[in-house]
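Enquirer: Here you go, sequence then predicted model.
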Amino acid sequence: MATYRNLLKSILEAEALTQGQLAEASNVSARTIGKACSGSRIRANSKRKIVQGLNQLTAEGKYTVQNVFPLNSN
């Protein structure tokens, strides 16, 4: 069975961003950001919005869905 992991929590810490800031920039709820940070599954559309928000806040464009929410086959 494939398991999902994400690096969102680590990215937020490294970029000195809060979940609230990301929720606002991503136009998703704070609850969705919290679920994503805890490793719960979220919709693909929400993942795309979160990555867009990260890139908007960091102004670097270095984040993709694949490197924030990679799929591990375990």
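Expert: Yep, it's here. Numbering: from 1, shown residues only.

Enquirer: Near Ser40, how many other residues are there?
Expert: 11 (other Cβ atoms under 10 Å). (C-beta placed from N, C-alpha, C; glycine too.)

Enquirer: which SS class is it?
Expert: Local secondary structure at Ser40 is given as coil here, using DSSP: H, G, I helix; E, B strand; the rest coil.

Enquirer: Check it and give its pLDDT.
Expert: pLDDT, Ser40: 89.

Enquirer: Could you shift the numbering so residue one becomes 27, and keep it that way?
Expert: Happy to do that; since the first residue is 27 now, the last one works out to Ser66.

Enquirer: first to last residue in stretch 51-70, what's the distance?
Expert: From its first residue to its last, stretch 51-70 covers 17 Å (Cα to Cα, to the nearest Å).

Enquirer: what about the strands in the chain?
Expert: Along the chain, counting by DSSP state E, strands occupy 28-30, 97-99.

Enquirer: Under the pLDDT cut-off, which ranges of this protein? List them.
Expert: Within the chain, the stretches with pLDDT under 70 are 27-31, 98-100.
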